[in-house]
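*Asks:* what shape does this take:
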Amino acid sequence: MTRRGIFAPALGAVLAACSPLAVLNTLGPRDGGVRRVARDLTYGSDPRQKFDIFAPTRPATASLPTLVFFYGGGWDSGSREVYGWAAQALAARGFVVAVPDYRLVPDVHFPVFIEDAAAATARVAEVASQYGGDPGRLGVLGHSAGAHLALMIALDRRYMAAVGQPSLIRAAAGLAGPYEFLPFDVAASRNAFGRAPDPTLTQPITFARADAPPLWLGHGTADVTVHDEDTILLNARMKAVGGRCEMKLYPGLSHEDLIATFSPLFRKKAPVLDDVTTFMQRELA
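*Replies:* Okay, here's the model as predicted:
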């Protein structure tokens, strides 16, 4: 949008973000002691309605908290195959981690990709115990457009209620997420949300509430794709309505940096992984 330049220039920024992460997935180092324990599990009939699960290889003495991670890509690109390294980083901290694909623009538009996020999360809860996860201790998180999905299904009650799990999500985290980006004046937001009869219903900040799951929001101060103002505004709104929300701004980190720090290659750049997993471990204890 003009005020903050969210996803601007939309296509160029998304492509620039995706390519380095794909290289990181192929060539970068990965956390050990974890493995993919399930591939191509389905939560719907569409080819993109599938997810993988990662878990620690060492047998746990009790079931582990479960995370559902949504990748970014401007609501029009992305694949779970590019984010195995991020899932492994989370699983190495003692979580069972699911990474779903979801349907994308232009094949679908708002609210279909959010409905997919809710359906995937509900399905993960149904199967988590088969892979050592505890469905009663489930959190969602995402980066960029994935953070938008995670926060929408955590804050707007309608999505999880529609899949029969209104109280499933116990905690949510967003990394470099767009939470308040009206008006739709760049291609990514116009294409994804421009047909919405009520644009305010596309914005996570609209649904800030006192009884929401606890939130953790992280953002880089050098992010020019989704400015840190989105995180600052949502944090302030949650506090104003009496909700639980933690915010951390990382000086000098870009949009891509925030998720790249999950990789062992860039982990010393900022403690993003430590901060997210400490929050999730505490809230899902």
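*Asks:* how close does the closest residue in space to residue 42 that isn't next to it in sequence get to residue 225?
*Replies:* Among residues not flanking residue 42 along the chain, residue 50 sits closest, at 5.4 Å (CB to CB, 6 or more residues apart in numbering). Any C-beta I mention is one placed from the backbone N, CA and C, and that applies to glycine too. Look at residue 50 and residue 225: by CB to CB, to the nearest Å, they are 27 Å apart.
*Asks:* quick revisit: list the contacts of the residue nearest to residue 42.
*Replies:* Taking CB atoms under 8 Å, 6 or more residues apart in numbering, we find residue 50 in contact with 40, 41, 42, 43, 80, 100, 101.
*Asks:* list buried residues within those residues.
*Replies:* Buried members of those, scored by 16 or more other CB atoms under 10 Å, are 41, 43, 80, 100, 101.
*Asks:* go ahead and confirm the fourth one touches residue 118.
*Replies:* No - contact status for residue 100 versus residue 118: not in contact, 10.6 Å apart, counting by CB atoms under 8 Å.
*Asks:* what ranges does the stretch 1-150 of the chain have for its helices?
*Replies:* 10-27, 84-91, 112-127, 145-155 (DSSP state H, counting those that start in this stretch).
*Asks:* between the contacts of residue 50, which is closest to residue 255?
*Replies:* Proximity of the contacts of residue 50 to residue 255 was ranked by CB to CB; the top entry is residue 80 with 19.7 Å.
*Asks:* okay, and the helix or strand of this protein with the least pLDDT?
*Replies:* Within the chain, no helix or strand scores below helix 10-27, which has a mean of 57 by mean pLDDT, DSSP states H and E.
*Asks:* so residue 121 makes contact with residue 67?
*Replies:* No - with contacts counted by CB under 8 Å, residue 121 stays clear of residue 67, the gap being 10.2 Å.
*Asks:* what's the single longest strand in the protein?
*Replies:* As assigned by DSSP state E, the longest strand anywhere in the chain is strand 133-143.
*Asks:* how about low-confidence regions in the protein?
*Replies:* 1-19 (pLDDT under 70).
*Asks:* find the centremost residue of it, please.
*Replies:* residue 142 (1.2 Å; CA atoms, centre = their mean).
*Asks:* now the closest residue to residue 94 other than its chain neighbours: how far from residue 54?
*Replies:* Spatially, and ignoring its direct neighbours in sequence, residue 94 is nearest to residue 64 (5.9 Å; CB to CB, 6+ apart). Separation of residue 64 from residue 54 (CB to CB): 11 Å.
*Asks:* more crowded one of these two?
*Replies:* residue 54 (27 against 22; other CB atoms under 10 Å).
*Asks:* and that one, what is it in contact with?
*Replies:* Contacts of residue 54 (CB under 8 Å, 6+ apart): 34-37, 84, 87-88, 90-91, 96-99.
*Asks:* tally of neighbours for residue 161?
*Replies:* Neighbour count for residue 161, taken as other CB under 10 Å: 12.
*Asks:* can you name the helix or strand that it falls in?
*Replies:* Secondary-structure element containing residue 161, defined by DSSP states H and E: helix 157-162.
*Asks:* I'd like the next helix or strand past that helix.
*Replies:* Following helix 157-162 toward the C-terminus (DSSP H and E): strand 169-175.
*Asks:* report the set of residues contacting both of residue 121 and residue 67.
*Replies:* Residues touching both residue 121 and residue 67 (CB under 8 Å, 6+ apart) are 138, 140.
*Asks:* what comes up buried for the longest strand of the chain?
*Replies:* If you call a residue buried by 16+ other CB under 10 Å, then strand 133-143 has these buried ones: 133, 134, 135, 137, 138, 139, 140, 141, 142, 143.
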